[in-house]
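# could you look at this predicted model? Sequence included:
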There are 2 protein chains.
Amino acid sequence: MDSQKTPIDMNSKPSRTNETAEKLISFILSLNMKEGDRLPNEAELSSMLKVSRSTLREAIKQLVGRNILDVKQGSGTYISSKRGIPVDPLGLTFLAHNKKLAMDLIDVRIMLEPHIAAAAAIHATEEECQELLRLSSLHASLICAGEDYQDADTKFHEQIAKCSGNAVLVNLIPIISSSVYVSTTISDMDFRQTSIRYHQMITEAICRKDFLGAQNAMLAHLNASRDYFIHMDDTVS
Amino acid sequence: MDSQKTPIDMNSKPSRTNETAEKLISFILSLNMKEGDRLPNEAELSSMLKVSRSTLREAIKQLVGRNILDVKQGSGTYISSKRGIPVDPLGLTFLAHNKKLAMDLIDVRIMLEPHIAAAAAIHATEEECQELLRLSSLHASLICAGEDYQDADTKFHEQIAKCSGNAVLVNLIPIISSSVYVSTTISDMDFRQTSIRYHQMITEAICRKDFLGAQNAMLAHLNASRDYFIHMDDTVS
């Protein structure tokens, strides 16, 4: 089979590779494997899935590319901590990175995040609120110390998505917030101080289960960012 | 170089491959290449990017996996029509597909799509409105003929995202709507008839630039779907 194709052809057996990749995914799901779990070795896997070692290798490469598996040199193949969430999920690589894109991203956040904050106020557990308080303090102390706070900022918004209990948002929000930071850095000190106060307002509202308060505080926070972008130096555009 | 690694090692030269993939992306962007455009052949590319042919091949495989390139047998390497938008962008492969996931997806749509319809009413061009009218008619005639209308339904919602003029939404909405249809099929005839009327209401409001009308019609449409899911046979859950 496949005798008409040369072994170095990059697209050889594409359907065989895809089939094997899908089999591997079913295998992983059937065993309920979690991030960090190790797959059986190549010999065992190729025998279990009834495919050649070369096809198996191509399928594993594909799943590494899809952030489902990690191959560690001399150790084996593991379930990736990236949970299958790909590089550049929104296909932003082929959009021009300019002020328009930054505004489009913040507009999407304004559509989503006030609703998410409201849902978080209704559904957050005691432990989730404690973690939100911790992240809010971390964000404030990093800003006051003049250190890089963007990662803490992203984690704060991701924690609110977790508090909402919506599984789609838990995956969607990291995608959108990391995209925002690709295209923008805010250096204004007044703006940073204001964002500390907004994070505290949002946190307090969620922790006291005040859904309208959480929704409004988030809207005010994101609207302040939007206003900042609009009046920002136009050299970015 | 890389002498300590065997040639069949799946993870050999990972950083070299990643570097070359990034170089290829810069090359594509610098030439402003569009979907369907053909890349130079392997010899030319490896000389231009100053990498070995085997590294180039690995990098191309990676970009095929990321839906940025397509390799056509005996023809060459082309820019993919998938515009770099990956398979399963939301990482739903590892979420259980049940009624909760379907509800979470529709809740995300309820957060986003009424705002999108409002933006569409403000920004849609005459041509975009004509296309929306065409898709609305197509959706209705497929339902009346008892044929599969899900693709037409998805395209209708994608066209509204296009009308909004927000580049992030143009990529995000197809991701969310295709995920919705993975987990649900609606067979109720009354529900289908009602959705025809909602699509018409949304289309008319957008075409007469009535942003509040478009927003409310979209909210009513998605809320009807939400209500349908809630009262649906619980065997799915």
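Yep, that arrived. Numbering: from 1, shown residues only, chains lettered A, B, ... in the order given.
# for residue A:37, list the residues it contacts.
A:78-79 (Cβ atoms under 8 Å, 6 or more residues apart in numbering or on different chains). Yep, even glycine has a C-beta here, placed from its N, CA and C like the rest.
# any idea which helix is longest in chain A?
Counting by DSSP state H, the longest helix found in chain A is helix A:99-123.
# only alpha carbons, please: show stretch A:38-50 as CSV.
In CSV, the C-alpha atoms belonging to stretch A:38-50 read as follows (Å, rounded to 0.1, in the frame of the first residue of the first chain):
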residue,chain,number,x,y,z
ARG,A,38,2.6,9.2,30.3
LEU,A,39,1.5,7.2,27.2
PRO,A,40,2.6,3.6,26.7
ASN,A,41,5.8,3.2,24.7
GLU,A,42,5.9,3.2,20.9
ALA,A,43,6.0,-0.6,20.6
GLU,A,44,3.0,-1.1,22.8
LEU,A,45,1.0,1.7,21.2
SER,A,46,1.6,0.6,17.7
SER,A,47,0.5,-2.9,18.6
MET,A,48,-2.6,-1.7,20.5
LEU,A,49,-3.7,0.7,17.7
LYS,A,50,-2.7,-1.8,15.0
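# quick one: contacts of that stretch?
With Cβ under 8 Å, 6+ apart as the test, stretch A:38-50 has contacts from A:20, A:23-24, A:27-28, A:33, A:52-53, A:55-57, A:69, A:76-79.
# before we move on, what about stretch A:163-172?
A:83, A:85, A:112, A:116, A:119-120, A:123-125, A:128-129, A:132, A:158, A:161-162, A:206, B:90-92, B:95, B:100-101, B:104-105, B:107-108, B:176, B:179.
# buried subset of these?
A:83, A:85, A:112, A:116, A:119-120, A:123-124, A:128-129, A:132, A:158, A:161-162, A:206, B:90-92, B:95, B:101, B:104-105, B:107-108, B:176, B:179 (16 or more other Cβ atoms under 10 Å in any protein chain shown).
# quick one on the thing from earlier: for the longest helix of chain A, what is the average pLDDT?
Confidence for helix A:99-123, expressed as mean pLDDT, is 92.
# likewise for stretch A:146-153?
The average pLDDT within stretch A:146-153 is 88.
# now the nearest residue to residue A:58 once chain neighbours are set aside: how far from residue A:52?
Leaving aside its sequence neighbours, residue A:58 sits nearest to residue A:17 (Cβ to Cβ, 6 or more residues apart in numbering or on different chains; 4.3 Å). Applying Cβ to Cβ, to the nearest Å, the value for residue A:17 to residue A:52 is 11 Å.
# more neighbours, those two?
Between residue A:17 and residue A:52, counted using other Cβ atoms under 10 Å in any protein chain shown, the more crowded position is residue A:17 (21 against 13).
# surely that one touches residue A:60?
No: using Cβ atoms under 8 Å, residue A:17 is not in contact with residue A:60; the gap is 9.7 Å.
# and the helix or strand harbouring residue A:202 with helix A:99-123, angle?
Using DSSP states H and E, residue A:202 maps to helix A:189-207. Relative orientation of helix A:189-207 versus helix A:99-123 (axes from the mean of the first three to the mean of the last three Cα atoms, to 10 degrees): 30 degrees.
# now do the buried residues in helix A:189-207.
Buried, per 16+ other Cβ under 10 Å, within helix A:189-207: A:192, A:194-196, A:198-207.
# may I see the buried residues of the next helix or strand after that helix?
Sequence-wise, the next helix or strand downstream of helix A:189-207 (DSSP H and E) is helix A:211-231. For helix A:211-231, a neighbour-count test (16+ other Cβ under 10 Å) marks A:211, A:213-219, A:221-222, A:225-226, A:228-229 as buried.
# chain B versus residue A:98, what's the distance?
Taking Cβ to the nearest Cβ, to the nearest Å as the measure, residue A:98 falls 10 Å from chain B.
# from residue A:104, how far off is that residue?
Residue A:98 is 10 Å from residue A:104, by Cβ to Cβ.
# ok, residue A:229 next?
Using Cβ to Cβ, residue A:229 is found at 11 Å from residue A:104.
# element containing the spatially closest residue to residue A:52 that is not a sequence neighbour?
Closest residue to residue A:52 apart from its sequence neighbours, by Cβ to Cβ, 6+ apart: residue A:46 at 6.5 Å. Assigned by DSSP H and E, residue A:46 belongs to helix A:42-49.
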